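[1] model the following, please.
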Amino acid sequence: MFTIEELSKIQKRKQLIDIAHQKNIDIQKILSKIRYEEELRALQAELVNLQNWIAKKKLRVAVIFEGRDAAGKGGSIKRFTEHLNPRSMRIVALAKPTEIEKGQWYFRRYIKELPNPGEIVFFDRSWYNRAVVEPVMGFCSNQQYKNFMVQVPEFEHMLYEDGIIVIKFWFSISKDEQKKRFDARLKNPLKIWKFSPVDMEGQNLWDKYTHYKEQMFSKTHTTFSPWIIVKTNNKKTARLESMRYVLSQFDYIGRSKAKTTILPDPNVILRYYRYIEQIDI
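    The predicted model follows:
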């Protein structure tokens with residue numbers, strides 16, 4: 001291990017690495033965490049620049065995070081937003097619909113949450129609940145599901161024509177990794193609130209989820225509103241690369257001076273297409 005005297009003399013990372021090599025100390029995990037935090041900080045700074053530009057241009061931006069339970073949607077949204085100005089940013093995570101909302105047009109409760117001019121809205125799940133979760137869990141009728149699948153491309157085309165920029169992420173996680181994260185939640189008193197009986201049903205109904213997920217992609221992936229697949233078995237990588245993707249979609253002021261690359265890794269971030277290699281099949 002390092003002595004207090006050795007640590008007190010270290011001023012640069014290279015000195016730490018040199019001492020670790022001399023003493024045969026494995027610090028790869030530490031270095032990996034340091035690199036992650038440096039990249040995260042740089043990308044969050046770029047997101048602040050992007051937000052300022054969006055506010056000045058009066059753009060309306062909605063970023064949708066979808067995916068199976070424990071795929072890392074909430075954690076990514078937290079890193080996206082933790083340094084943004086709350087005056088021109090919102091996180092939307094709607095609870096189950098009220099009795100009144102159940103009697104309204106399905107999209108109405110989401111329309112109220114769409115971004116205002118100069119605002120970014122992050123949707124922690126969205127209207128796509130009706131494409132996957134609701135039919136799998138029996139929360140909607142077959143006719144309601146069919147109506148939604150017909151209407152959603154038209155709804156999103158109206159948003160596109162009205163100038164709302166919609167980015168749709170699907171966070172893709174393997175079945176084994178999902179199980180590991182469920183087990184970790186149950187053991188962590190700070191995260192147990194995230195776990196519900198519906199979550200474990202996601203494991204039991206894995207193939208049914210896959211079926212509806214593929215139906216959703218085939219019917220709602222369009223040129224004007226494409227699905228972007230994010231491989232999330234590595235949470236930290238998924239966070240960084242999804243940030244890069246969002247940044248890469250805008251020609252904002254200062255983009256060329258970014259202190260890190262804003263081009264996403266194509267091995268982690270890719271557009272959906274029918275024969276794409278997925279990890280949550």
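[2] name the nearest residue to G75, ignoring sequence neighbours.
    Excluding its sequence neighbours, the residue lying closest to G75 (CB to CB, 6 or more residues apart in numbering) is K235, at 6.2 Å. For glycine as for every other residue, the C-beta is placed from the backbone atoms N, C-alpha and C.
[3] could you say which helix or strand holds T210?
    Secondary structure assignment for T210, by DSSP states H and E: helix 206-220.
[4] residue ranges with poor pLDDT in the stretch 1-150 of the chain?
    Residue ranges of the stretch 1-150 of the chain with pLDDT under 70: 1-2, 6-7, 13, 16, 23, 26-27.
[5] how about the helices in it?
    Applying DSSP state H, counting those that start in this stretch to the stretch 1-150 of the chain gives helices spanning 4-9, 13-22, 28-57, 73-81, 99-102, 108-111, 133-137, 142-161.
[6] circling back to that earlier point, what residues are up against the residue nearest to G75?
    G72, G75, S76 (CB atoms under 8 Å, 6 or more residues apart in numbering).
[7] recalculate using a threshold of 10 Å.
    The contact partners of K235, taken as CB atoms under 10 Å, 6 or more residues apart in numbering, are Y36, A70, A71, G72, G75, S76, R79, F171, I173, E177, R181.
[8] now do the contacts for the fourth one.
    Right, the one you point to is G72. 65, 79, 171-173, 177, 181, 230, 232-236, 238-239, 242.
[9] just name the closest of these to T98, please.
    Of all the contacts of G72, F65 has the smallest distance to T98: 23.2 Å, by CB to CB.
[10] can you tell me the SS state at K168?
    Assigned with DSSP: H, G, I helix; E, B strand; the rest coil, K168 falls in the strand class.
[11] what about the closest residue in space to L205 that isn't next to it in sequence, distance to D176?
    With sequence-adjacent residues excluded and distances taken as CB to CB, 6+ apart, L205 is closest to V136, at 5.6 Å. V136 is 20 Å from D176, where distance means CB to CB, to the nearest Å.
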